[in-house]
Structures are given as C-alpha cells and as structure tokens.
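Engineer: structure of the sequence below:
(one chain, ligands or ions: 3)
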Amino acid sequence: MRTAYTADQIRAAERALMAELPHGTLMQRAAAGLAAACADLLGRVYAARVVLLVGGGDNGGDALYAGALLARRGARVGAVLAGSRTHEAGLAAFLDAGGRVTGGEAIEEADLVVDGLVGIGATGALREPYGALAAAAGSAPGLVVAVDVPSGVDAGTGRVEGPAVRATLTVTMGAYKTGLLVDPGAAYAGAVELVDIGLGPYLPEPDAVAQEAADVHALLPRPVAESDKYRRGVLGVAAGSDLFTGAAVLAVGGALRAGAGMVRYAGTSAPVTQVRAHWPEAVVTLLDAPSIEHVGRVQAWVLGPGLGTGDWAHELAAAVLASDVPVLVDADGLTLVARDRDLLRRDAPVLLTPHAGELSRLMGVGRDAIEAARLEHARDAAGELGVTVLLKGSTTVVADGAGPARVNTTGTSWLAAGGTGDVLSGVAGALLAQGLGCFDAASCAAYLHGLAGRLAAAGAPLAAADVAEAVPAAIRAVAGRREPERTPPGRRSFAR
Ligand SMILES: NC(=O)C1=CN([C@@H]2O[C@H](COP(=O)(O)OP(=O)(O)OC[C@H]3O[C@@H](n4cnc5c(N)ncnc54)[C@H](O)[C@@H]3O)[C@@H](O)[C@H]2O)[C@@H](O)CC1
Ligand SMILES: Nc1ncnc2c1ncn2[C@@H]1O[C@H](COP(=O)(O)OP(=O)(O)O)[C@@H](O)[C@H]1O
Ligand SMILES: [K+]
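Structural biologist: Ligands and ions are numbered 1, 2, ... in the order given. Okay, here's the model as predicted:
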C-alpha cells in the first residue's frame, strides 16, 4: 500500500523530525536524493546543461544544493532566481561549486530543468514570474524534474488553478503527497520517485492510499475445495433496456470474468435476448413487471447501466433497493437516485459508481468543480449520503466517509471509451457478491479494471468487451503470474 499525505500532515511530521536533528540535515538528505535522481535521468552528468528554477523558499534550497552536487560532477548548472529572496546558504554552496546565476532564456537550451519554484509551502495559483517560468519549463525541449511537487499543483489535493510545471519526473521528499496521485495533479507529476528522509515514524494516518498488486491479491476471494457456485457468490444484474442492450451484456460479462459463482440477469425482452446470446452462463429472467420476485436469491445487485429512467426503471430500482443485500448503483440508476434520494434509505450497504457528470447531478455541484477536486467531492458525497462512492474518471477514487480514501493508479486513458464503466460495475458487483465490503470491492475492482484496460489496450484502442475479457489476466497479474513490468525495479513511481 502506498500512503499519501496532505501538506499540513507532512509539515507537522517534518517539524517533529527536524527537532531531533542538526539544522539543515533534512535538506541535505532531500538534495542528495534529488541530485541522484537527476543524474539517473540524465545518464551522463558531465557537461550536461542543467537549469534550476529557484523560488524563495526551501523548495528552492533543495534545488540549489542538488545543483551544487551536479556542478561538482561536471554539469554546467545555471540558476534562475525567481523569488524576492533566495535560500542564502543554498546559493552560497551552489556558487561555490561552480554554479552561476542565469536568466529564464536558458530554459530553452537545457538538457534538464529542475523545478524548485514552490513545494508544499505554496498557496493558490502561481504568481509571476513563477507562472511564466512554469509555463516555459512545460514547453522546453529538455527533461523536467519537479522538486517535491510540480509548482502550480496543490500538493494536498492535486488541484491546478493556473500555469503549472509538467514534469518528466517528480522527486518527492519524505512521503507521497495526495496531489501527486490524483488528477489533475498526477498528470503533471509524471513518474514519481520518493526520497526517504526519515519521516516515516512521524507520519500520522494517511490522507489517501493507493493499493498495490499484493494488497489486491490479499483481498480477492478464491474458491476452495468446498466451494460451489452458490457459496462463491451470486450476483443479480438489473441493467439494460430495449433501447440500451449493450450495457447489460457488458455488465454481465464483467461479473462473469471477475469470479461471480453465478450471475442472475433480469430484464426486458431485447436485453434478455442479447444477454442469452452472449453469455449462456448467465441465468436469465425475462421480467413482465418491474419486480425481482421471481429472480431467485442473490448476494448482491448491480443496478442501473442502460436501465432507462422512466417509471418502469424507477419501480425496478425501488424493488432492488428494497432487498437486504448490498447494491451497486451506476449510470441510469444514479439518475433515478438523484431524482429520488429516498431510494437510498435502506440498511444494507450501497456502492455508488458515478463519473463526474453523474456525481454533479447527484450532489448539485458543478462538473468542473468535481474534476478539480475529485477526492474532496467523493468524500463529501459518501459522508452526506451514507454510502461508499467510487468516482470514475482519469483518476478513480473511492471514499466511504471514514479513514483514508483509496486512489487507483492502474488506469489508462484508453479506458475513456463507451461501455467500460458497465464492465466496471460487473466486476465490482461480482466482488460484492463474493463477500467483499463496498470499500474493498470498489477499490479492488478499480485496480483490476484499470489493469485489464492496460492489458487490453497495450498502447492501442480498446473496446469495452476487451476489458472484460482481460479481467482474468489482471487477476493472474496481481497474483504475481506474468505481471507486466511497468516501472523500473527499485523506482517507486506511478507511470501512467
Ligand atoms: N521543511 C522541511 O523539513 C523540509 C523541506 N523541504 C523542502 O521545502 C519545501 C517547503 O519549503 P517552504 O515551506 O519554504 O515553502 P516553499 O518553498 O514550497 O514555498 C514558499 C515560498 O513560495 C512563495 N509562494 C507561496 N505561494 C506562491 C505562489 N502561489 N506563487 C508564487 N510564490 C509563492 C512564498 O512566498 C515563499 O517564498 C518542500 O516542498 C521541500 O521541497 C525539504 O528540504 C525537506 C525538508
Ligand atoms: N482519461 C481517463 N483515464 C483513465 N480512465 C478513464 C479515463 N476516462 C474514463 N476512464 C475510465 O473509463 C470508465 C468509463 O466509465 P463511464 O464513464 O461509466 O463510461 P460508460 O458509461 O460509457 O461505460 C471508468 O472506469 C473511468 O474511470
Ligand atoms: K517544485
């Protein structure tokens, strides 16, 4: 599990650690790690052209000390001093090592730009001249390494309010910051490398966590000798309509591939015909009324993909939500719930899986506001509605109102394709039916779905059905069987 923290949490931990160490120790540790990462990225340090963007705080200090180390190894290092003041000791060390002060035009010629404008001390959008320098770094031809956090990205939330540095690599000090894991910030951070400065023992409960393969593997149910299809978990799927048949096929497919012992599908004639044709494995009930009376016993329901939003769909939704098992509500189900929140008054657990537009309708908050601060809005919705929320999109986050949220880092933008959300519903529903709680089912489903998306896409377009097809390969991969190598060994990064 990778743990991530807000800027305030990091600052408090740093204060506690600093009180026990000689002055300047942490910055030396940070600078040594930063210089090593820059050297790694450059390959050859001697004669490399390096430009430091140096802000007025300790983030600039980190950059200056690292620049001094690179200069001593033969790099030609220039520093653009952007603040009204500059870290004095850092600048002295830098000049002493042969570094020189330069103007912003040097960015264009640099093999490597080091962004030390601002770190966790930043507030609000970048002011000038920082904003212009951040933009220039983003369009420069060379590599860009951000110190601690890309300047312009809010370390705690990932919010980006103006110009921000787009980094090849972010070298972050002491612990991951939440804003490096959640878009839009994550997209600016590039790969992320953690430098250990000894902060571990001083860190509180994390703000957010990102599961790794072993964490997901440990939670995934596996059949045992005594298993039978009923005991493994039966999922009910109330999805699809005469207008939208594909959603039903994809949700059932995701569920079958994610290990449900059995899937019971309930719907009207057009989707019933399609589900039967695609999935002879599913047990299908043709509904002549919006009721689940004749569907048989299930351990969880998926409700909503392609269901429609008329009276029939509303009645069926009410019937499913009146059951005493966990219900995952997606797509049209979310529209119904947004119109009639009383549907959510139930004792058994609820998992909502909106994208930003659906959460916007549900909570009456603008879509852009949600996309700018995904974690905050997922948390608010979970707290207000008393449910677990999986918010889909470029970074999928899962919140249940208590404790650290989960952030999924396996996704790929190839998943931005119609129907992939229906597959996710099926995968998460299957995990609910197999006995996982909403929070674990949602985060494990997001992980597997993201990984299945990568495997299915392999750098080219995918169709939603391919994602369902790749779910077993993703499950094998988290078990350590032929996991694709995505990040260099020893480098703790979030390659996208
Ligand atoms: N505190 C510590 O123990 C350590 C801190 N370290 C580094 O220190 C950084 C934090 O340093 P600081 O607390 O000095 O803060 P920063 O260096 O992140 O930022 C503070 C400076 O930026 C200016 N500023 C703030 N918001 C701005 C905006 N929107 N536009 C333009 N300028 C803005 C402030 O006026 C101030 O000069 C960390 O991110 C990390 O890089 C590391 O050296 C490790 C140890
Ligand atoms: N830019 C992106 N990067 C990564 N994943 C994405 C991106 N855009 C969408 N996704 C993922 O693709 C899926 C789309 O689901 P959804 O919006 O419900 O589409 P649909 O309703 O067509 O199935 C979600 O799992 C979402 O997280
Ligand atoms: K920075």
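
Engineer: mind checking what helix or strand follows the helix or strand where residue 8 lies in sequence?
Structural biologist: Here residue 8, judged by DSSP states H and E, is contained in helix 7-18. For helix 7-18, the following helix or strand on the C-terminal side (DSSP H and E) is helix 25-42.

Engineer: I'd like to check the angle between that next one and helix 7-18, please.
Structural biologist: Inter-element angle recorded for helix 25-42 and helix 7-18: 120 degrees (by axes from the mean of the first three to the mean of the last three C-alpha atoms, to 10 degrees).

Engineer: would you mind listing what in the stretch 301-450 of the chain touches ligand 2?
Structural biologist: Residues of the stretch 301-450 of the chain found near ligand 2 (C-beta under 6 Å from any ligand atom) are 331, 355, 392-394, 396, 411-413, 415-416, 418-422, 424, 449. C-beta coordinates here come from the backbone N, C-alpha and C atoms, glycine included.

Engineer: contact residues of the stretch 101-250 of the chain facing ligand 3?
Structural biologist: With C-beta under 5 Å from the ion as the criterion, the stretch 101-250 of the chain comes near ligand 3 at residues 115, 146, 147, 151.

Engineer: any chance of those in TSV, plus neighbour count, secondary structure and pLDDT?
Structural biologist: Written out in TSV, the entries for these read as follows (neighbours: other C-beta atoms under 10 Å; DSSP: H, G, I helix; E, B strand; the rest coil; pLDDT from 0 to 100):
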residue	neighbour count	secondary structure	pLDDT
115	33	strand	98
146	35	strand	98
147	34	strand	98
151	28	coil	98
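
Engineer: which of those residues lies closest to residue 74?
Structural biologist: Out of those, the one with the shortest distance to residue 74 is residue 147. That distance is 21.3 Å, counting by C-beta to C-beta.

Engineer: which residues touch the nearest residue to the closest one once chain neighbours are set aside?
Structural biologist: Distance criterion C-beta to C-beta, 6 or more residues apart in numbering; nearest residue to residue 147, sequence neighbours excluded, is residue 116 at 4.5 Å. Shown in contact with residue 116 (C-beta atoms under 8 Å, 6 or more residues apart in numbering): 52, 53, 54, 55, 59, 60, 61, 62, 63, 64, 147.

Engineer: now, which of those lie within strands?
Structural biologist: Using DSSP state E to define strands, the subset of these located there is 52, 53, 54, 147.

Engineer: measure the last one to residue 105 for me?
Structural biologist: Relative to residue 105, residue 147 is positioned 21 Å away (criterion: C-beta to C-beta, to the nearest Å).

Engineer: the third one too?
Structural biologist: For residue 54, the distance to residue 105 under the criterion C-beta to C-beta works out to 16 Å.

Engineer: next, residue 108: phi, psi?
Structural biologist: phi -60, psi -30 (degrees, to the nearest 10).

Engineer: which one's more surrounded, residue 54 and residue 105?
Structural biologist: Neighbours were counted for residue 54 and for residue 105 using other C-beta atoms under 10 Å; residue 54 has more, 30 against 10.

Engineer: hmm, that one is touching residue 80, no?
Structural biologist: Yes - distance between residue 54 and residue 80: 6.4 Å, which falls inside the contact criterion (C-beta atoms under 8 Å).

Engineer: which of the ones in strands among the contacts of residue 116 come close to ligand 1?
Structural biologist: Restricting the ones in strands among the contacts of residue 116 to those touching ligand 1 (C-beta under 6 Å from any ligand atom) yields residue 147.

Engineer: list just the nearest of the ones in strands among the contacts of residue 116 to residue 280.
Structural biologist: Closest to residue 280 out of the ones in strands among the contacts of residue 116 is residue 147 (57.1 Å), distances taken as C-beta to C-beta.

Engineer: correct me, but that closest one touches residue 63?
Structural biologist: Yes - in this structure residue 147 lies within contact range of residue 63 using C-beta under 8 Å: 5.4 Å.

Engineer: and for those two, which residues touch both?
Structural biologist: Shared between the contact lists of residue 147 and residue 63 (criterion: C-beta under 8 Å, 6+ apart) are residues 34, 114, 115, 116.

Engineer: which pair of the residues you listed spans the longest distance?
Structural biologist: Farthest apart among the shared contacts of residue 147 and residue 63 by C-beta to C-beta are 34 and 115. That separation is 10.8 Å.

Engineer: any stretches of the chain with poor pLDDT?
Structural biologist: Where the chain drops to pLDDT under 70, the residues are 482-496.

Engineer: how about the contacts made by residue 223?
Structural biologist: Taking C-beta under 8 Å, 6+ apart, we find residue 223 in contact with 232, 259.

Engineer: quick check: it is in a strand.
Structural biologist: No - in this structure, residue 223 is coil, not part of a strand, as judged by DSSP: H, G, I helix; E, B strand; the rest coil.

Engineer: gap between it and residue 233?
Structural biologist: When residue 223 is compared with residue 233 (using C-beta to C-beta), they lie 10 Å apart.

Engineer: overlap in contacts of the two?
Structural biologist: Taking C-beta under 8 Å, 6+ apart as the criterion, residue 223 and residue 233 both touch residue 259.

Engineer: of all pairs in the contacts of residue 116, which one is the farthest apart?
Structural biologist: Maximum distance among those (C-beta to C-beta): 12.9 Å, for 53 and 61.

Engineer: between those two, tell me which one has more neighbours.
Structural biologist: Using other C-beta under 10 Å as the criterion, residue 53 and residue 61 rank with residue 53 on top: 30 against 27.

Engineer: isn't that one up against residue 138?
Structural biologist: No - Residue 53 lies out of contact with residue 138 (C-beta under 8 Å); the separation is 11.4 Å.

Engineer: find the closest residue to ligand 2 in the stretch 1-150 of the chain.
Structural biologist: The nearest approach of the stretch 1-150 of the chain to ligand 2 comes at residue 2, 18.2 Å away (C-beta to the nearest ligand atom).

Engineer: swap that for the chain, please
Structural biologist: Per C-beta to the nearest ligand atom, residue 421 is where the chain lies closest to ligand 2, at 2.0 Å.

Engineer: mind checking the SS state of that residue?
Structural biologist: At residue 421 the chain is in helix, as set by three-state DSSP.

Engineer: which residues sit in contact with the closest residue to residue 391 other than its chain neighbours?
Structural biologist: Setting aside the residues directly before and after it, residue 391 is nearest to residue 378 in space (C-beta to C-beta, 6+ apart), at 4.2 Å. By C-beta under 8 Å, 6+ apart, residue 378 lies in contact with 359, 389, 390, 391, 397, 398, 399, 405.

Engineer: fine, thanks again, bye for now.
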